[in-house]
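> predicted structure and sequence below. I'll ask about it afterward.
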Amino acid sequence: DAGITQSPRHKVTETGTPVTLRCHQTENHRYMYWYRQDPGHGLRLIHYSYGVKDTDKGEVSDGYSVSRSKTEDFLLTLESATSSQTSVYFCAAKDRQNTEAFFGQGTRLTVV
Amino acid sequence: QQQVKQSPQSLIVQKGGISIINCAYENTAFDYFPWYQQFPGKGPALLIAIRPDVSEKKEGRFTISFNKSAKQFSLHIMDSQPGDSATYFCAASEGVTGGGNKLTFGTGTQLKVEL
C-alpha cells in the first residue's frame, strides 16, 4: 500500500448523518486523491489536492468536501450521507505528475 | 461524457492464452497512460504505463500497444495465468503546470483465467 492508510475500513451509517473518511500517508506525496468505485463506473474522482490547503473538485464532487491541513492527511467528509453515496472509497497519492499513483486499501461505506 | 472508454467489461481466457483489453480516449492532451490491476478487497496497483512518444512497451508478459492517431491503447497479457484473474483499469492523465494531474479511469475489465 506504499504507506497509505485509510480509516475506517468499513462503516455503516444512517441517512442524513455526517461521515468523515481519513487518508494518511507516510511518504510525503504532494498529490492526494479521493475516488469512489461503483460497479459499471470504474473509479471516479471526487476531490483532489495538489498541496497543503490546495484542493479542487473532481467529476463527482456534489455532497462531498475535503480538507488537507497537513501533507500526510487528506480527509473526505460527507456532510449529510445519502444512500447514493454507498460505495467503496479509495484514497491515492503520488509524488510528481505522470508517475505512479499509490492507492490505499479502500473504505466500504454503507448508508442505510 | 466518459473520457476513457474501456472494453470488454468482462473477459474469460483459458490458461496460456492471450488476454486483450482495449481503451479509447478523447482528450488529445493526455500524455500518460497507465494500466492498474486490482484484486478483490484491495486497492488498484500500477501494472504498466506508457507515454505517447512510443508505440509499445513490454514488461514481462504484459504489453501496452499505443496508437496515437486512433487515440487508442490496449493491454495484452501473454500466457495468461489464473493468478492474473483480477480487474484491470486503463487510465490517462494530462501533465499540467499547477494542476492536480488527475487520473481519469476506464470502467474496468474483469478478467478470469480458467484452467
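Nice, I can see it. Residues are numbered from 1 along each chain as shown, chains lettered A, B, ... in the order given.

> now do the buried residues in the biggest strand by length in chain A.
When chain A is parsed with DSSP state E, its longest strand is strand A:42-51. By neighbour count on 16 or more other C-beta atoms under 10 Å in any protein chain shown, the buried set for strand A:42-51 is A:Gly42, A:Leu43, A:Arg44, A:Leu45, A:Ile46, A:His47, A:Tyr48, A:Ser49, A:Tyr50. C-beta coordinates here come from the backbone N, C-alpha and C atoms, glycine included.

> same check on stretch B:19-29?
Neighbour count says stretch B:19-29 has B:Ser19, B:Ile20, B:Ile21, B:Asn22, B:Cys23, B:Ala24, B:Tyr25 buried, by 16+ other C-beta under 10 Å.

> mind listing what the second one touches?
Yep, that's B:Ile20 we're talking about. Applying C-beta atoms under 8 Å, 6 or more residues apart in numbering or on different chains to B:Ile20 gives the contacts B:Ser74, B:Leu75, B:His76, B:Ile77.

> just the residues you listed now: which is nearest chain A?
B:Leu75 (14.7 Å; C-beta to the nearest C-beta).

> hmm, that closest one is touching B:Ile48, no?
Yes. Under the contact definition of C-beta atoms under 8 Å, B:Leu75 touches B:Ile48, with a separation of 7.5 Å.

> shared neighbours of the two, which are they?
What both B:Leu75 and B:Ile48 touch, as defined by C-beta under 8 Å, 6+ apart, is the set B:Trp35, B:Phe62, B:Thr63, B:Ile64.
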